[in-house]
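S.K.: below are the sequence and a predicted model; questions follow.
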Amino acid sequence: LRLFRLLDPFDSLRSLRAGGVSTMPAGPKLRAPRSHTTLRRLATTPGEKCGLAITGLSLVLLFTACTSTHTPDQTRPVIAPETVDLGDYRAELEEAARWLHIPPASKRDVRFEMEIPPHPSVEAAVRYFSGDRRETIQRSFHRSAPWIVMMSEALAASGLPEDLAYLPVIESGYRTSLTSSAGAHGMWQFMPATGREYGLRVDWWVDERADPWESTIAAASFLKDLYRMFGDWPLALAAYNCGPGRVRRTLREHGATTFWELLDARALPSETRGYVPTFYATIILARSPERYSFTIPDPLELSFGEVEVMGPLSLTFLADAVATDGQQLRELNAHLHRGVVPPGKWPVRVPERVAPAIASRAHQWYLEDSLVQVGSYTVRRGDSLEELSRKLSIGLSDLRSMNGLGNAGSVREGTNLWIPLSQAELSARLHHAGPSAPYHIVRPGDTLYSIARDNGITVDELVDMNQLGSGHIIHPGDRILLRSSPVATGSM
């Protein structure tokens, strides 16, 4: 059990990950063996993201809060993408204080270091943000309160300007579960491939793009790489939005050396032409909020505990078991995007008051969980992922993703598979499927004789059962029908 108080987040985070003991870390080390003691510096292309568009000097705001078109399977719990909260600042902070018990943090102003380019598009962006988009930008500033200190510390520790802590204003409005139509996710709007390149876990169980601490460290590393590539912040920011390859190619094609030349030539995507000026407009507003009638709230200090529990475990069950707010638990663990703790030991962030109760049965809760929508199945001879997907009416991609199988089509007999169904539902579907003739998926080196021998039948029976002609040749991947055998059952 560890109790955390976020006052000096990044220094404490590094202390924890280096093996030290800290009373104020920014968050737990979420999984072994990855360490952020040394930040990763792997260049990659982020892909297309929704963003902010500018055409000439006319600004049109295109929010990153595009709704994902993916429709989740209704048989398993899924935390829906966060929607824009239209309530005012007071209501938002009162609600946050209710469940997080957030006290004011020690005052620490962001150190503004970046030079503001004297380009007309930046001035136009300031007018737009302080006019038509005032309420939206103000809400983003208010949402920054719990995160701005942690982000500015992380950026400073990487040798980056602290001004970049306001980049999420135009990326996500500091909403952790925001997903763009292109698939970018979290406060820093990482695409899946880019997130993985920078050390974030992105799979069926966990999406660390939604983790404010982990994603901020990844974003700092990515931004540092981009600045090294271009030696110029406007170009680095453009590359964060549309990819470094796109920016390098466009510079070369137009014989340009600056972002502003590309903007005036309308050479980059419209969202990227808007992205850079609106970021600088955000910095201007954050530096002089009174001049533009904005309010920058004091930083807030988050208090929570961390307990290592055994999974798979439903966050809903855990909240009910210790009588705490389930929504609070999900907010603290937004990276557990299906509301389920992964198999094995996993640290969970919890309200301080219930941390001792959760710790007292940390490795037993999962045995009592009747709400978790995850079951276990032991592979039998002749099983294939495609057959299991069809028989259980579950997505083949989900089956592969939650078991880390990539594009595999077959699995070894005796392998334990996680299935996105409760154990009771899994057993019911297997029973409902009824007796079915098992199959054998042909592997390299298999012959009809070896298949018949291994399954206790004759070659003639195998040939007749599969209606194979004389001299038929089997190939790897062929499905060979076998004599009926006992129906497989789910098991834990």
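M.R.: Structure received.
S.K.: leaving aside the residues next to it on the chain, what's closest to the spatially most central residue of the chain?
M.R.: Central residue of the chain (CA atoms, centre = their mean): Asp207, 2.7 Å from the mean position. Counting by CB to CB, 6 or more residues apart in numbering, His337 is the residue found nearest to Asp207 once chain neighbours are left out, at 4.7 Å. In this view, the C-beta of every residue, glycine as well, is placed from N, C-alpha and C.
S.K.: assign that neighbour to helix, strand or coil.
M.R.: At His337 the chain is in coil, as set by DSSP: H, G, I helix; E, B strand; the rest coil.
S.K.: distance of it from Ser172?
M.R.: Using CB to CB, to the nearest Å, His337 is found at 15 Å from Ser172.
S.K.: so the residue nearest to Asp207 is in contact with Thr176, correct?
M.R.: No. Using CB atoms under 8 Å, His337 is not in contact with Thr176, being 9.8 Å away.
S.K.: anything in contact with each of the two?
M.R.: By CB atoms under 8 Å, 6 or more residues apart in numbering, His337 and Thr176 have these common neighbours: Ala210.
S.K.: looking at those two, which one has more neighbours?
M.R.: Counted by other CB atoms under 10 Å, His337 and Thr176 do not tie: His337 has more neighbours, with 27 against 22.
S.K.: let me know the secondary structure of the nearest residue to Leu167 once chain neighbours are set aside.
M.R.: Of all residues not flanking Leu167 in the chain, Phe279 sits nearest, at 6.2 Å (CB to CB, 6+ apart). Three-state call for Phe279 (three-state DSSP): helix.
S.K.: quick check: Phe279 vs Asp478, distance?
M.R.: 56 Å.
S.K.: same check on Ala193?
M.R.: According to CB to CB, Ala193 stands 34 Å off from Asp478.
S.K.: next one: Phe304
M.R.: Look at Phe304 and Asp478: by CB to CB, they are 54 Å apart.
S.K.: isn't there a strand covering Leu200?
M.R.: No. Inclusion of Leu200 in a strand is not indicated when three-state DSSP is applied; the result is coil.
S.K.: residue contacts, it?
M.R.: For Leu200, the contact set (CB under 8 Å, 6+ apart) comprises 190, 207-209, 211, 214-215, 218.
S.K.: quick one: the strands in the stretch 301-450 of the chain?
M.R.: All strands of the stretch 301-450 of the chain, identified by DSSP state E, counting those that start in this stretch, fall at 303-314, 340-350, 375-378, 416-419, 439-441.
S.K.: do you know the pLDDT at Ala220?
M.R.: We have a pLDDT of 98 for Ala220.
S.K.: ditto for the one 5 residues further on
M.R.: The predicted local distance difference test score for Asp225 is 98.
S.K.: from what I see, Val459 and Ala452 are in contact.
M.R.: Yes. Contact criterion CB under 8 Å: Val459 and Ala452 qualify, at 4.8 Å.
S.K.: between those two, which has more neighbouring residues?
M.R.: Taking other CB under 10 Å, Val459 and Ala452 do not tie; Ala452 has more neighbours (21 against 15).
S.K.: for the more buried one, helix, strand, or coil?
M.R.: Assigned with three-state DSSP, Ala452 falls in the helix class.
S.K.: residue contacts, it?
M.R.: Neighbour list for Ala452: 458-459, 461-462 [criterion: CB under 8 Å, 6+ apart].
S.K.: which of those residues are buried? Put it as a PyMOL command.
M.R.: Applying 16 or more other CB atoms under 10 Å to these, the buried members can be selected in PyMOL as follows:
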select buried, resi 462
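S.K.: so, low pLDDT: which residues of the protein?
M.R.: Applying pLDDT under 70 to the chain flags the ranges 1-108, 408-409, 433-438, 454-456, 483-492.
S.K.: how about 50 then?
M.R.: In the predicted model of the chain, residues 1-107, 484-492 satisfy pLDDT under 50.
S.K.: burial count for the residue lying closest to Phe259 once chain neighbours are set aside?
M.R.: Nearest non-adjacent residue to Phe259, counting by CB to CB, 6+ apart: Pro234, 3.7 Å away. Taking other CB under 10 Å as the criterion, the count of residues near Pro234 is 21.
S.K.: go on, the one 4 residues further on?
M.R.: By other CB under 10 Å, the residues close to Ala238 number 28.
S.K.: do Val110 as well
M.R.: Using other CB under 10 Å, Val110 has 24 neighbouring residues.
S.K.: was I right about it contacting Ala165?
M.R.: Yes. Applying CB under 8 Å as the test, Val110 and Ala165 come out as touching, 5.8 Å apart.
S.K.: now do the shared contacts for the two.
M.R.: Common contacts of Val110 and Ala165 (CB under 8 Å, 6+ apart): 148, 152.
S.K.: give me phi/psi at Pro299?
M.R.: Backbone torsions of Pro299, given as degrees, to the nearest 10, read phi -60, psi 150.
S.K.: surely it touches Ala145?
M.R.: Yes. Look at Pro299 against Ala145 with CB under 8 Å: they come within range, at 5.9 Å.
S.K.: residues shared between the contacts of the two?
M.R.: Contacts common to Pro299 and Ala145, judged by CB under 8 Å, 6+ apart, are absent.
S.K.: ok, the residue nearest to the centre of the chain to Val340 distance?
M.R.: Applying CB to CB, the value for Asp207 to Val340 is 12 Å.
S.K.: now Glu171: how far from Tyr280?
M.R.: Glu171 is 14 Å from Tyr280, where distance means CB to CB.
S.K.: between those two, tell me which one has more neighbours.
M.R.: Shown here are Glu171 and Tyr280; by other CB under 10 Å, Glu171 has more neighbours (29 against 23).
S.K.: and the more buried one, backbone torsions?
M.R.: Reported as degrees, to the nearest 10, the phi and psi values for Glu171 are phi -90, psi -50.
S.K.: same question, Ala182
M.R.: Main-chain torsions, Ala182, degrees, to the nearest 10: phi -90, psi -10.
S.K.: same check on the one 5 residues further on?
M.R.: Backbone torsions for Met187, taken as degrees, to the nearest 10, come to phi -60, psi -40.
S.K.: hmm, Thr179 and it touching each other?
M.R.: No. Met187 lies out of contact with Thr179 (CB under 8 Å); the separation is 11.8 Å.
S.K.: Pro351 contacts Gly305, doesn't it?
M.R.: Yes. Contact criterion CB under 8 Å: Pro351 and Gly305 qualify, at 7.0 Å.
S.K.: where's Ala256, which helix or strand?
M.R.: For Ala256, there is no enclosing helix or strand under DSSP states H and E.
S.K.: how near is it to Arg246?
M.R.: Distance of Ala256 to Arg246, given as CB to CB: 13 Å.
S.K.: same question, Lys224
M.R.: With CB to CB as the criterion, Lys224 and Arg246 are 19 Å apart.
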